[in-house]
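**Student:** take this sequence and fold it.
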Amino acid sequence: MEIVHSAIAILAAILLIIRFGIDPVISLLVASVYLGLATGQGAEGTVGEITGGFGEIMAEVGLLIGFGVLIGALLHSMGTFRDLVDLLARRVGRRLPYAMAATLSTIFPSIYVDVQVVLAAPMAKESAAAVDRRHGLPWLAGAMGIGIFSGYVFVVPGLAAVAIAGLMDVPLGTYLLYGVPIGLATALITTVLFRLLLGWGLWKEDTDLDPDVVARGDDPDVEAEEVPHAESAARLPLLVRLLPILVPLVLIASAAIVDVVGDLPAALAFLGDANIALFLGLLIAFFMVRPSLGADGVGKVLTSGFHTTGEILLVTGVGGSLGAVIAGSGLDATLTDLFAADENAPVVLSILLAWFIAAVLHFAIGSVSVAAITAAGIIAPVVGSLGVDPVVIALAIASGAMFALHVNSNFFWMFTTLLDLSTKGSLKTLTLATSLGAVVSLPLVLVASLVAAAT
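**Tutor:** Numbering: from 1, shown residues only. Okay, the predicted model is just below:
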């Protein structure tokens, strides 16, 4: 019954938000309370999971969100993203979604997904009109979503990729050899298919953007007038103004790579922690802007960032609450009993089963990494008797774990708020793009099984 009640809770949350226009925080809490009580967690247990899930998510991403949004506000005051978009428009033009998908899927998997979306979202919003006046924002949103998560599950040192390889006892080098081409191909093919869907009338600006954005006509000058402009800082070279982003990226990536290949020095472990790295980026941005704006001007810029941060934190935390209640329902144990790997199954059936287990777990639990780790834990004990190279089963789990990222994921709500989308808009971009990516990558995994069998 946990599966049925989880499906009811998820669908109810979506219906309350989209059909009845109820605030996501209220809708997600209603779904959480129902699921906790319906699955026998009791009043005390339900409240414990809701508050514990909120607190756990805040511990993981609270500072990341706060620091990232404040960095974005300070960079905006220097015109950094506008100038970067102008440069990209001259270099890649309308091909920016492909460049973004390729970069996120291959270069930045060492950066945690929440950090990636916080840093990439402002650039996507600024460049949307230059890419495509009508479909630029949804196209870039879909490219961001699939780029981030195809790298996360397929490309070492992405967290999910490392976890899957470890649980399935697959050498990281072997996983990387298969994962990089699959991750890159998945990101690019999905971005192409997603653009075709947009051309068929998928996107409706009136309902798919945040109502406040629709009301102001998505005019960036409306928002820019509220934030002081740091004129002297804006005259700095673009590369210098990008240091608040580049320094954290380099520190986090360096720590992740060194940790994979050898012993991680304590100093690099400290500086490479995402929270510390982003705080350093915030300090760099602060001291760039302060001479231009003074204390009062910087205060106004940061206040605008604080306003955005509070909204994101609340809805993100409540998304974590629903995920915690789902996990507390015992759904993973139910699926373990329900899906037993058949030791005599054909290769294709074993791949499909691994994909399906991971997809169902992700749809229900709302965490790509938890779904991948749980699926690997279910299958790992019997993978040696399946007659399939373990790397293939690991890749099938990675593929399925991307399927249908939706309202029970805290990332979904970060994505929604940072890109100024409505819930329906995020379902049409992030959810659809990750679902497409899971389907696109499945035949690529089947091809990988032929390569593995031949070597």
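**Student:** list the contacts of Ala285.
**Tutor:** By CB atoms under 8 Å, 6 or more residues apart in numbering, the residues touching Ala285 are 70-71, 74-75, 244. Yep, even glycine has a C-beta here, placed from its N, CA and C like the rest.
**Student:** among those residues, which are located in strands?
**Tutor:** Among those, DSSP state E puts none in strands.
**Student:** now, among those, which is nearest to Pro211?
**Tutor:** Leu70 (24.8 Å; CB to CB).
**Student:** how close does the most centrally placed residue in the chain get to Arg19?
**Tutor:** Centroid-nearest residue in the chain: Val113, 4.7 Å away (criterion: CA atoms, centre = their mean). Val113 sits at a distance of 29 Å from Arg19 (criterion: CB to CB, to the nearest Å).
**Student:** and what of Thr51?
**Tutor:** When distance is defined by CB to CB, Thr51 is 28 Å away from Arg19.
**Student:** now Leu246
**Tutor:** 44 Å.
**Student:** quick one: which of the two has more around it?
**Tutor:** Remark: of Leu246 and Arg19, Leu246 carries more neighbours, 14 against 8, as counted by other CB atoms under 10 Å.
**Student:** could you dump the contacts of Ala285 to CSV with distance to Leu140?
**Tutor:** Shown next, in CSV, are those (distance: CB to CB, whole Å):
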residue, distance to Leu140
Leu70, 23
Ile71, 20
Leu74, 22
Leu75, 18
Pro244, 21
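**Student:** give me the helices and strands touching the helix or strand harbouring Gly48, please.
**Tutor:** Take DSSP states H and E as the rule and Gly48 turns out to sit in helix 42-77. The contact analysis (3 or more CB pairs under 8 Å, 6 or more residues apart in numbering; DSSP states H and E) places helix 42-77 against helix 24-38, helix 113-131, helix 243-261, helix 274-328, helix 410-418.
**Student:** my guess is Met58 meets Gly317, correct?
**Tutor:** Yes. Met58 lies in contact with Gly317 (CB atoms under 8 Å); the separation is 5.4 Å.
**Student:** compare neighbour counts for these two and give me the winner.
**Tutor:** More crowded of Met58 and Gly317, by other CB under 10 Å: Gly317, with 24 against 17.
**Student:** SS state for Leu405?
**Tutor:** Here Leu405 is recorded as coil under DSSP: H, G, I helix; E, B strand; the rest coil.
**Student:** list the contacts for it?
**Tutor:** With contact taken as CB under 8 Å, 6+ apart, Leu405 is in contact with 145, 149, 362, 366, 368, 411-412, 430-431, 434.
**Student:** could you report the separation of Leu415 from His406?
**Tutor:** No Leu there; residue 415 is Phe. Applying CB to CB to Phe415 and His406 gives a distance of 11 Å.
**Student:** which one of the two has more residues nearby?
**Tutor:** Phe415 (27 against 21).
**Student:** any idea of the pLDDT on that one?
**Tutor:** pLDDT for Phe415: 94.
**Student:** I'd like the numbering to begin with 410 instead of 1 from here.
**Tutor:** All set: I'll call the first residue 410, so the last point we hit is now Phe824.
**Student:** that one contacts Leu830, correct?
**Tutor:** Yes. Assessed by CB under 8 Å, Phe824 is found in contact with Leu830 at 7.4 Å.
**Student:** overlap in contacts of these two?
**Tutor:** The contact sets of Phe824 and Leu830 overlap at Ala550 (CB under 8 Å, 6+ apart).
**Student:** what angle separates the host helix or strand of Val413 from helix 683-737?
**Tutor:** Element membership of Val413 [criterion: DSSP H and E] is helix 411-427. Using axes from the mean of the first three to the mean of the last three CA atoms, to 10 degrees, the inter-axis angle of helix 411-427 relative to helix 683-737 is 120 degrees.
**Student:** mind exporting helix 411-427 as CSV, just the C-alpha atoms?
**Tutor:** Provided in CSV are the C-alpha atoms of helix 411-427 (Å, rounded to 0.1, in the frame of the first residue of the first chain):
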residue,chain,number,x,y,z
GLU,A,411,3.0,2.3,0.4
ILE,A,412,3.2,2.6,-3.4
VAL,A,413,-0.5,3.5,-3.7
HIS,A,414,-0.4,6.1,-1.0
SER,A,415,2.8,7.6,-2.3
ALA,A,416,1.3,7.9,-5.8
ILE,A,417,-1.9,9.5,-4.3
ALA,A,418,0.2,12.0,-2.3
ILE,A,419,2.3,13.0,-5.3
LEU,A,420,-0.6,13.3,-7.6
ALA,A,421,-2.6,15.3,-5.0
ALA,A,422,0.2,17.7,-4.5
ILE,A,423,0.5,18.3,-8.3
LEU,A,424,-3.3,18.7,-8.6
LEU,A,425,-3.6,21.1,-5.7
ILE,A,426,-0.8,23.3,-7.2
ILE,A,427,-1.8,23.3,-10.8
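**Student:** all good on my end, thank you.
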